[in-house]
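Trainee: A structural model of the following input is requested.
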Amino acid sequence: MSELKRTIGFMPAFMTVIGSVIGAGVFFKAAVIYKTTGTMSLGLLAWVLAGIITICAGLTVAELAASIPEVGGMVVWIERTYGKTAAFLLGWAQSVIYFPAMIAALAVIFSTQVLNLLNLDKTWHLPIAIAAATSLMFLNFLGGKIGGMIQTVATICKLIPLIVIIAFGLFQSDSQPLQLFPVEAGKDISFASGLGGALLAAMFAYEGWTNVGSMAGEMKNPKRDLPRAIFLGLAVVMVVYVLINVAYLMTLPLDHVAGNQTVASDVAAKLFGGIGGKIITIGILISVYGAINGFSMAGIRVPYAMAKSEQIPFKNVWTKLNKGAVPVNAGLLLLVIAFLMMLTGSFDMLTDLLVFVMWFFYTVTFLAVIILRKKEPNLERPYRVPLYPIVPIIAILGGVYTLVSTLISQTSLAMGGIALTLIGLLFYTELHKKFKK
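Mentor: Prediction:
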């Protein structure tokens, strides 16, 4: 049997959106957002705007997912719109930037939290980060069932700290004053640059929303359920993000939140005391560990899929499976790249890099909806983007703003991301064939 079974309904897809998106960003991105904006009001606005842009993005992509419900999601849509080379560059960017940077960034922040929890010396920082990434990659080498079990436990554990911090943070008796208006940037910070940097950081917290699109080929009724799952799932995530940030700001002064990568742990310690704070921190660590696992599970299969379709050289190396039917060499490749990234980048630098690169591909995917409307007017579209073309344009403008603000404020990082993406052409077998002709 070569056809995938259509067994996924609305609720699993809805929970997949929430489970895929809520991860490390909600616990650790508040630090850079409030440091970048300098105020509560502009920081909270960044969380809301990032949510609105992501909802528009999800509603836009849902048209492609429902019209072209094939496994592979964005790679399939980009190839259909722009050709094989563009689709290859997306796969390449995922293999050498997105997934390794995700694994590296999450391992780095995992290590930061362990050091804080156990009061260890900073010399342990890199060894702990490497150990976290390596242990999960090798657990995944044992087979998909092990990775799935870890993911289930981690998903439950990451919801507990969120619910507890929101519940106790919002209704505490001795809270910090909230200043929501006027919406302005802090001293010596321009509104545009503050919002741009904060949006880039907040976009990382909303990462993962595209994963459900790849499930379209396995959904019972993707035409009806997928758009609802994406919209409602992201709306719930945005509400959760805003509420937990309000809880942070009600618990600690703004200057204790800005630039503090252990803000969630510090908030928990203040709300629940030393022991309670440590228990919440352990829950956060399990959540981050699970996030590393999720990106390891997905990441090792991208080079495998590219090799299977003969897009990259040395096909037999990347398609080799172990006894657990896992492409080990592809996993080792991701792990080595992640190690190098750990040596050269911080959590925020790595996440900014992957957000910049992936939002280029997201933005051209939003544009693909408009292009395919003209290019393939007879394509069956049981779901169409509401308020077309306003919703796709909001998603495109949000993507362009994120890209341009990164190019202006973090030029070297942006140029590095572009260079790493274009280097992939050197390994593109289709291009090599054309030169040989």
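Trainee: distance of residue 20 from residue 301?
Mentor: To residue 301, residue 20 is 15 Å away according to CB to CB, to the nearest Å. Where C-beta positions appear, they are placed from N, C-alpha and C, glycine not excepted.
Trainee: looking at these two, which one has more neighbours?
Mentor: residue 20 (20 against 16; other CB atoms under 10 Å).
Trainee: pLDDT wise, what is residue 103 at?
Mentor: With respect to pLDDT, residue 103 scores 92.
Trainee: over to residue 257?
Mentor: 93.
Trainee: do you know how far it is from residue 206?
Mentor: In terms of CB to CB, residue 257 sits 19 Å off from residue 206.
Trainee: those two - which one has more neighbours?
Mentor: More crowded of residue 257 and residue 206, by other CB under 10 Å: residue 206, with 26 against 23.
Trainee: in three-state terms, label residue 388 for me.
Mentor: coil (DSSP: H, G, I helix; E, B strand; the rest coil).
Trainee: same question but for residue 129, I mixed them up
Mentor: Classified using three-state DSSP, residue 129 is helix.
Trainee: wait, isn't it in contact with residue 108?
Mentor: Yes. The criterion here is CB atoms under 8 Å, and residue 129 meets it with residue 108 at 5.1 Å.
Trainee: mutual contacts of those two, please.
Mentor: Contact criterion CB atoms under 8 Å, 6 or more residues apart in numbering; residues shared by residue 129 and residue 108: residue 342.
Trainee: can you list the weak-confidence ranges in the chain?
Mentor: 1-7, 71-72, 143-148, 150-151, 211-219, 430-437 (pLDDT under 70).
Trainee: apart from its chain neighbours, what residue comes closest to residue 164?
Mentor: In this structure, residue 164 finds its nearest non-sequential neighbour in residue 280, 6.5 Å apart by CB to CB, 6 or more residues apart in numbering.
Trainee: tell me the centre residue of this structure?
Mentor: residue 207 (2.5 Å; CA atoms, centre = their mean).
Trainee: my guess is that residue meets residue 352, correct?
Mentor: No. If you go by CB under 8 Å, residue 207 and residue 352 don't touch, sitting 11.9 Å apart.
Trainee: next, the buried residues of stretch 383-401.
Mentor: Using 16 or more other CB atoms under 10 Å as the burial criterion, the residues of stretch 383-401 that qualify are 383, 385, 391-396, 398-399, 401.
Trainee: I misspoke; the intended subject was stretch 93-102.
Mentor: For stretch 93-102, by 16+ other CB under 10 Å, it's 93-102.
Trainee: ok, stretch 62-77 next?
Mentor: Judged by neighbour count using 16+ other CB under 10 Å, the buried positions of stretch 62-77 are 62-70, 72-77.
Trainee: now swap in stretch 188-195 and tell me
Mentor: Buried residues in stretch 188-195 (16+ other CB under 10 Å): 189, 194-195.
Trainee: also stretch 278-288?
Mentor: Quick answer for stretch 278-288 (16+ other CB under 10 Å): 278, 280-281, 283-288.
Trainee: turn those residues into TSV, columns for distance to residue 265 and secondary structure.
Mentor: TSV is the format used below for the buried residues of stretch 278-288 (distance: CB to CB, whole Å; DSSP: H, G, I helix; E, B strand; the rest coil):
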residue	distance to residue 265	secondary structure
278	8	helix
280	7	helix
281	4	helix
283	10	helix
284	7	helix
285	9	helix
286	13	helix
287	12	helix
288	12	helix
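Trainee: from those, pick the one nearest residue 327.
Mentor: Residue 327 lies nearest to residue 288 out of the buried residues of stretch 278-288, by CB to CB, at 24.6 Å.
Trainee: next SSE after the helix or strand where residue 397 lies?
Mentor: In this structure, residue 397 sits in helix 390-409 according to DSSP states H and E. Following helix 390-409 in sequence order, the next helix or strand is helix 411-422 (DSSP H and E).
Trainee: what does stretch 333-346 contact?
Mentor: By CB under 8 Å, 6+ apart, stretch 333-346 touches 95-96, 99-101, 103-105, 107-108, 126, 129-130, 133-134, 137, 296, 299-300, 303, 318, 350, 353.
Trainee: in PyMOL, select just the buried ones from those residues.
Mentor: Command for PyMOL that selects the buried part of those, burial taken from 16+ other CB under 10 Å:
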select buried, resi 95+96+99+100+101+103+104+105+107+108+129+130+133+137+296+299+300+303+318+350+353
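Trainee: okay, and which of the contacts of stretch 333-346 map to helices?
Mentor: In this view, the contacts of stretch 333-346 that belong to helices under DSSP state H are 99-101, 103-105, 107-108, 126, 129-130, 133-134, 137, 296, 299, 303, 318, 350, 353.
Trainee: of the buried residues of stretch 188-195, which is the nearest to residue 82?
Mentor: After measuring those against residue 82 - CB to CB - the closest member comes out as residue 195, at 30.3 Å.
Trainee: wait, the closest one sits on residue 46?
Mentor: Yes. Under the criterion of CB under 8 Å, residue 195 makes contact with residue 46 at 6.1 Å.
Trainee: mind listing the shared neighbours of those two?
Mentor: What both residue 195 and residue 46 touch, as defined by CB under 8 Å, 6+ apart, is the set residue 37.
Trainee: list the contacts of residue 284.
Mentor: Residue 284 touches 27, 113, 158, 161, 264-265, counting by CB under 8 Å, 6+ apart.
Trainee: check residue 50 too.
Mentor: By CB under 8 Å, 6+ apart, the neighbours of residue 50 are 199, 202-203, 205-206.
Trainee: repeat that for residue 114.
Mentor: With contact taken as CB under 8 Å, 6+ apart, residue 114 is in contact with 120, 124, 128, 285.
Trainee: about what we covered before: ok, the residue nearest to the centre of the chain to residue 380 distance?
Mentor: 30 Å.
Trainee: before we move on, what about residue 277?
Mentor: 54 Å.
Trainee: quick one: which of the two has more around it?
Mentor: A count of neighbours by other CB under 10 Å puts residue 277 above the other of residue 277 and residue 380, at 19 against 9.
Trainee: so which of the buried residues of stretch 62-77 belong to helices?
Mentor: Here DSSP H is the test, and the buried residues of stretch 62-77 give 62-67, 74-77 as lying in helices.
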